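> based on what follows, work out the 3D shape:
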Amino acid sequence: MTGASSGIGAEIARALAVRGYPTQLVARREEALTDLSAELAATSGLASEVHAADLGDDAGREAVRDLLLHDERLVGLVNAAGYGVTGRVATLARRAEDRAALDGLVRLNVLALHDLTVAAVGAFAGRSRSTRRSGAILNVSSITAFQPLPGVASYAASKAFVQSFSEAVHAELAGTGVTLTTLSPGLTRTGFADAADTDAFDRAPDLVVGEAADVAEAGVAAMAAGHRSVVPGLVNQLSAAGGRLAPRTLLLPVLNTAMDWFG
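Okay, the predicted model is just below:
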């Protein structure tokens, strides 16, 4: 699984270990992965392997893709790696550092997830036919996927790609023994806010901010059941529905003002 060093990714790894699954952990921070690996092995009594790789880098992405294609022990993939960038595009466009951050966001949130999902689908479907073993993929999206979102335009668009691509592939996989589930959480207490340089989580009511462990549990349960998608929490489900159904001419000005308030 990717993005395993912290946040929702680490909690998904813990939820899998509690269920007795061995894990292979992927992220940039090898020390954090090593610590988590030891914890998971103690929980499950099974091996937890570490693969330090930067999925925004071609070489790192290729190494993990090769792992999926050639390690026949693997029957599952969790794509939890990703990050956000806050700010208006017109402002971010002025600085080379911010433009590079947006480029990296697309490479990690979109390109890496797409590449690894395609590799996993091919590998798992082939193994399912030859060994009758099923396979499962969990892609972490966001409720920002369900509408354009000023102030985090690139991040929301990247998650819209994740949502649309993942739901379509879920339908394509019917009858193959392989499933693809999309997890779309709302605001969740992780290190994401610090990385995105936003205090929106602190300013939001507690009612709408979830816990990473609860989000992970919902995602793993849905993955195990082979569901198409899951949005944890009633408030988030209503928000996702509103994002889908509300006319853009009404929705976007409201979101634009709200995002200004959130900073």
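> assign a three-state SS to residue 148, would you?
Classification of residue 148 using DSSP: H, G, I helix; E, B strand; the rest coil returns coil.
> could you tell me the phi and psi values at it?
Residue 148 adopts backbone torsions of phi -60, psi 150, taken as degrees, to the nearest 10.
> contacts only, for it.
156-157, 248, 252, 255 (CB atoms under 8 Å, 6 or more residues apart in numbering). Every C-beta, even on glycine, is put in place using the N, C-alpha and C of the backbone.
> those residues in helices, which ones?
Per DSSP state H, helices hold the following members of the contacts of residue 148: 156-157, 248, 252, 255.
> pretty sure residue 78 contacts residue 9?
Yes - counting by CB atoms under 8 Å, residue 78 touches residue 9, with 7.2 Å between them.
> can I get the buried part of the contacts of residue 148 as one PyMOL selection?
Selecting only the buried entries of those in PyMOL, with 16 or more other CB atoms under 10 Å as the criterion:
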select buried, resi 156+157+255
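> format the contacts of residue 148 as CSV; extra columns: pLDDT.
Listed next are the contacts of residue 148 as CSV, based on pLDDT from 0 to 100:
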residue, pLDDT
156, 97
157, 98
248, 92
252, 92
255, 91
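> which of the contacts of residue 148 lies closest to residue 69?
For those, the residue nearest residue 69 by CB to CB is residue 157; the value is 28.7 Å.
> need the residues that contact stretch 4-18.
Applying CB under 8 Å, 6+ apart, the set of residues contacting stretch 4-18 is 1-3, 23, 25-29, 32-33, 36, 39-40, 43-44, 46, 48, 78, 80-81, 138, 140, 183, 185, 188, 190-192, 212-213, 215-217, 219-220.
> pLDDT on that stretch, on average?
Averaged over stretch 4-18, pLDDT sits at 94.
> and for stretch 223-242?
So the average pLDDT for stretch 223-242 ends up being 93.
> tell me the gap between it and the middle of its chain.
Here stretch 223-242 is found 14 Å from its chain centre; the criterion is CA atoms, centre = their mean, to the nearest Å.
> now that stretch: buried residues?
Using 16+ other CB under 10 Å as the test for burial, stretch 223-242 gives 223-224, 227, 229-233, 235-236, 239-240.
> please say which of residue 78 and residue 9 ends up with more neighbours.
Legend: neighbour count by other CB atoms under 10 Å for residue 78 and residue 9, higher for residue 78 (31 against 26).
> and that one, that's in a helix?
No - applying three-state DSSP, one finds residue 78 to be strand, outside a helix.
> who's it bridged to?
residue 138 (DSSP bridges).
> return the residues in contact with it.
Contacts for residue 78 (CB under 8 Å, 6+ apart) come out as 1-4, 9, 12-13, 16, 137-138, 140, 223.
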